[in-house]
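>>> Predicted coordinates and the sequence they were generated for:
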Amino acid sequence: MFSVPSSLPPLVAPAPSLTREEVARYSRHLIIPDLGIDGQKRLKNARVLVIGAGGLGSPTLLYLAAAGVGTLGIVDFDVVDESNLHRQIIHGTADVGRSKAQSARDSIAAINPFVDVRLHEFRLGADNAVDLFKQYDLILDGADNFATRYLVNDAAVLAGKPYVWGSIYRFEGQVSVFWEDAPDGPDGEKRGLNYRDLYPEPPPPGMVPSCAEGGVLGIICASIASVMGTEAIKLITGLGESLLGRLMIYDALEMSYRTIKIRKDPATPKITELVDYEYFCGLGTDDATDDVSDTAANSTITPSELRALLDSGSRLALIDVREQAEFDIVHIDGAQLIPKSLITSGEGLSQLPQDRKAVLYCKSGVRSAEALAAVKKAGFSDALHLQGGIMAWAKEVQPDMVMY
C-alpha cells in the first residue's frame, strides 16, 4: 500500500518570459510565493489535452484557460444538445447544434486570447490515441464511458504520459492521477500505477448507468472538474502532493471528501498494445450481446407500427422499463412502469399482464432490448420492444411530447 506521495518534480519547463499583458492578467498568481513567475511560465509552456468538452471538460477547460495554460487540446466530435446546458457550462443556448469543440474554442478565446486551442474533432481510437497523446504534456480524461476510459489509460501508458481522471454520477464524483512512468519517490519507492490497478476490469454492460440514463446534478461537474484542474496545475508546476496513489471520493449529499490509497496491483498485466475497447467492455460481439441482439431483432416494433396497433384496438400491455423519475417526466399514455432492474432480477415478472401482448419501451431502445431477453426467457414468447424507445415515438408519432 502506498503512503501519501511526496511532491513530484514539475512536469513542464518554464517558458522564456511573460509579456507585460500576461503579468497583468496573472498577477494574483504571481504573488503566490509557491507559484510565482516560475510557475506561471511553466503553465504558459504547458500543453494539456482534454478528452471531451462535456460535463467535466467544460469547467476544466475554462479554468485552465483562465489560469494561463498555453496550449489546450480538445478531443470531441459531438454537437451541443439542449440537455447538455445544465452542466456543460462552456456552451450556451446559441451553441445548440454546433460542434462542441468549436463552441469550447470560442468560449476559451473570449476568456483568454493568449491560449492556443487545438481541436481534434474525431473519435478517439486505438489508431490515433498514442500519437495524439505524445503531442501533449498531460492528459485530462473527462470521458463518460468505460471503453474510452480504458483506451485513455492504455494510450497514456504507451505514450508515457500522466493523466488526471475524473468521473461523476448523480451526487457523487471521483478523481485520481495515474502515471505508469512516474519518477520514483525520494526513498526509492515506486509510484507508477495506472487505471487498471484501481479498476482491473470494467463492470458488466448496463450495470453502471450513464449520466444520460441515471442523471447528474449539474454543479457536481464543477466540484470534480475543479479538483481535476487543480491536479493539472500541481503536476505542471510541481506544487504540493498530487492524487497519484490516491482516489478522492466526493459525496455532495453528505458534503464529504475522502481519499483512499491505491496500490500497484502486481496482477495487472503489462500494457503493450491497444485493443478493441468496445469488445473489452462487453459492448462488442459476444454470446450475451448476440442473444440480446437476436431477440430484439426478431421482436421489434417501430413507433408507426405500434401506433397502428393501438389505433386498431389491439390488446397490448405497454411496459415502461425506465426508472420512476423518468416515467414522471413523460410516458406513453396507458403505459405501466416496471423498471428493467426488476425485470432482469425476476422480481417484476409477476407484474406483466398474462392476457395481453407486452410491448416494452425505454428511452432509446437499449434497456428495453435487454429487458426483452429476460421477458422472453420467462415465457412471454410474443413480447415485443419499441425500436428507438420513447425518443423515436416522440419524433415519429407525438412530436409535441416533452423530451429529456
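Okay, I see it.
>>> Nearest residue to Lys191 in space, ignoring adjacent ones along the chain?
Wrong residue type there; residue 191 is Arg, not Lys. Closest residue in space to Arg191, ignoring its immediate chain neighbours: Ala182 at 4.4 Å, by CB to CB, 6 or more residues apart in numbering. Any C-beta I mention is one placed from the backbone N, CA and C, and that applies to glycine too.
>>> Report the separation between that neighbour and Asp95.
Distance, Ala182 to Asp95, using CB to CB, to the nearest Å: 38 Å.
>>> returning to that earlier point: a helix runs through the residue nearest to Arg191, doesn't it?
No - counting by DSSP: H, G, I helix; E, B strand; the rest coil, Ala182 is not found in a helix; it is coil.
>>> what's around it, how many residues?
When neighbours are defined as other CB atoms under 10 Å, Ala182 has 19 of them.
>>> can you give me the strands for the stretch 51-200 of the chain?
Listed in chain order, the strands found in the stretch 51-200 of the chain under DSSP state E, counting those that start in this stretch are 71-75, 116-120, 138-141, 163-169, 172-178.
>>> how's this protein carved up into domains?
If you go by automatic domain parsing, the domain ranges for the chain are 20-280, 287-396.
>>> tell me the centre residue of the chain?
Asp144 (1.3 Å; CA atoms, centre = their mean).
>>> Give the buried residues for stretch 83-98.
Asn84, Arg87, Gln88, Ile89, Ile90, His91, Asp95 (16 or more other CB atoms under 10 Å).
>>> okay, these in JSON lines with distance to Glu241 and pLDDT next?
Shown next, in JSON lines, are these (distance: CB to CB, whole Å; pLDDT from 0 to 100):
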{"residue": "Asn84", "distance to Glu241": "34", "pLDDT": "95"}
{"residue": "Arg87", "distance to Glu241": "29", "pLDDT": "96"}
{"residue": "Gln88", "distance to Glu241": "30", "pLDDT": "97"}
{"residue": "Ile89", "distance to Glu241": "29", "pLDDT": "97"}
{"residue": "Ile90", "distance to Glu241": "29", "pLDDT": "98"}
{"residue": "His91", "distance to Glu241": "34", "pLDDT": "98"}
{"residue": "Asp95", "distance to Glu241": "38", "pLDDT": "98"}
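>>> I'd like these as TSV, with distance to Lys190 appended.
Shown next, in TSV, are these (distance: CB to CB, whole Å):
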residue	distance to Lys190
Asn84	41
Arg87	37
Gln88	38
Ile89	39
Ile90	38
His91	42
Asp95	45
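>>> quick one on the thing from earlier: got the phi and psi for the residue nearest to the centre of the chain?
Main-chain torsions, Asp144, degrees, to the nearest 10: phi -110, psi 20.
>>> which residues does it contact?
Residues near Asp144 by CB atoms under 8 Å, 6 or more residues apart in numbering: Gly52, Gly54, Gly55, Ser167, Ser210, Cys211.
>>> Toward the C-terminus, what is the element adjacent to the helix-or-strand element of the chain with minimal mean pLDDT?
Scoring the helices and strands of the chain by mean pLDDT, DSSP states H and E places helix 287-298 at the bottom, with a mean of 55. Counting by DSSP states H and E, the element after helix 287-298 in chain order, helix or strand, is strand 300-301.
>>> gap between that following strand and the chain center?
Its chain's C-alpha centre and that of strand 300-301 lie 30 Å apart, by CA atoms, centre = their mean, to the nearest Å.
>>> so what strands line up beside it?
strand 384-386 (parallel) (DSSP bridges).
>>> Could you check how far Ile338 is from Phe146?
Counting by CB to CB - Ile338 and Phe146 are separated by 27 Å.
>>> same question for the top helix by length along the chain, mean pLDDT?
Longest helix in the chain, counting residues (DSSP state H): helix 218-237. Mean per-residue pLDDT for helix 218-237: 98.
>>> Just checking the distance from it to the centre of its chain.
15 Å.
>>> go on, stretch 125-142?
How far stretch 125-142 lies from its chain's middle: 16 Å, per CA atoms, centre = their mean.
>>> what about that stretch, how long is it end to end?
Distance between the two ends of stretch 125-142: 15 Å, counting by CA to CA, to the nearest Å.
>>> Same question for stretch 172-192.
End-to-end distance of stretch 172-192: 26 Å, with CA to CA as the criterion.
>>> Only the buried residues of it, if you could.
Quick answer for stretch 172-192 (16+ other CB under 10 Å): 172-180, 182, 185, 191-192.
>>> Format these as CSV; extra columns: distance to Lys100 and pLDDT.
Formatted as CSV, the buried residues of stretch 172-192 follow (distance: CB to CB, whole Å; pLDDT from 0 to 100):
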residue, distance to Lys100, pLDDT
Glu172, 24, 96
Gly173, 21, 97
Gln174, 23, 97
Val175, 22, 98
Ser176, 25, 98
Val177, 25, 98
Phe178, 25, 98
Trp179, 27, 97
Glu180, 29, 96
Ala182, 31, 95
Gly185, 39, 84
Arg191, 34, 91
Gly192, 33, 93
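>>> For those residues, work out which two are farthest apart.
Comparing every pair within these by CB to CB identifies Glu172 and Gly185 as the most remote, at 30.3 Å.
>>> low pLDDT regions in the chain?
1-6, 206-207, 209, 283-297 (pLDDT under 70).
>>> now with 50?
Counting by pLDDT under 50, the ranges of the chain that qualify are 1-5, 285-290.
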